[in-house]
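> sequence and predicted model, in that order:
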Amino acid sequence: MTRPVEFAQVLLQCLGEQIEAGPYPIPEEKICLRFGDRVNPTLGTGEDECCTGLAWVRVSAVDSLADPDAVERGECVDTRRRITLEMGTSRCIPFGNLAAGPSCAAWTEAALKMDADHAAMEAAICCATEAFDGLAYAPRTLPGQYIPSGPDGNCIAGTLSVTIDYDCGCTNAA
């Protein structure tokens with residue numbers, strides 16, 4: 001049986017490779033699995049995850065795809081799952097100075113970074129799908145919606161959901 005986090009790790013590996021190969025790499029130590037209902041980049045006295053760049057994958061939901069009438073037929077009800085993963089990146093907003101806010105050129109650069117991150121996410125889905133195709137149960141992988149967000153504090157961000165349908169196996173104890 002494959003756990004949802006194992007799918008997330010494959011997708012994270014692919015995302016890291018794609019971001020590293022892109023025009024705006026993020027430090028390897030800032031490409032990680034995250035947990036929870038959302039990812040909030042952290043801020044410390046010596047580091048701001050938005051400004052270092054942050055990329056993540058998290059498990060956002062696990063649902064059953066089982067037929068509700070399967071119990072009536074005496075079938076195992078817990079074999080098929082739908083996992084929703086979230087890929088995301090955050091970057092620092094551009095800053096101005098005391099005299100003026102950020103320039104249009106600085107905002108364009110920020111938009112180009114986020115667009116490159118989105119392209120890396122799309123490529124990571126292709127990479128992960130190829131890796132999943134080698135599995136005995138060949139899950140179905142579907143990209144979801146890309147959602148830009150921010151500015152929020154220092155951050156702009158973007159997330160892309162990925163849905164994976166698979167059969168996790170069933171062991172009916174007799």
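Perfect, I can see it now. Numbers count the residues shown, from 1 in each chain.

> strands of this protein, start to end?
31-33, 54-64, 80-92, 140-152, 155-167 (DSSP state E).

> report the buried residues of the last one.
Of the residues in strand 155-167, those buried by neighbour count under the rule 16 or more other Cβ atoms under 10 Å are 155, 156, 157, 158, 159, 160, 161, 162, 163, 164, 166. (C-beta placed from N, C-alpha, C; glycine too.)

> which one of these is nearest residue 35?
residue 159 (15.0 Å; Cβ to Cβ).

> I'd like to know how far the closest one sits from residue 86.
In this structure, residue 159 and residue 86 are 5 Å apart, going by Cβ to Cβ, to the nearest Å.

> and for residue 160?
For residue 160, the distance to residue 86 - Cβ to Cβ - is 7 Å.

> same question, residue 44
Taking Cβ to Cβ, one finds residue 44 at 24 Å from residue 86.

> max-length helix in the protein?
helix 104-133 (DSSP state H).

> center of the chain - which residue?
The centre of the chain sits closest to residue 87, judged by Cα atoms, centre = their mean, with a distance of 1.2 Å.

> and that residue, what pLDDT?
For residue 87, the pLDDT comes out at 98.

> tell me which residues touch residue 108, please.
Not one residue lies near residue 108 by Cβ atoms under 8 Å, 6 or more residues apart in numbering.

> repeat that for residue 156.
Residue 156 sits next to 50, 90, 91, 92, 93, 110, 114, 148, 149, 150 when contact means Cβ under 8 Å, 6+ apart.

> could you rerun that using 6 Å?
91, 93, 150 (Cβ atoms under 6 Å, 6 or more residues apart in numbering).

> quick revisit: residue 44 and residue 86: which has the busier surroundings?
Using other Cβ atoms under 10 Å, the more surrounded residue of residue 44 and residue 86 is residue 86, with 22 against 7.

> thanks a lot, catch you later.
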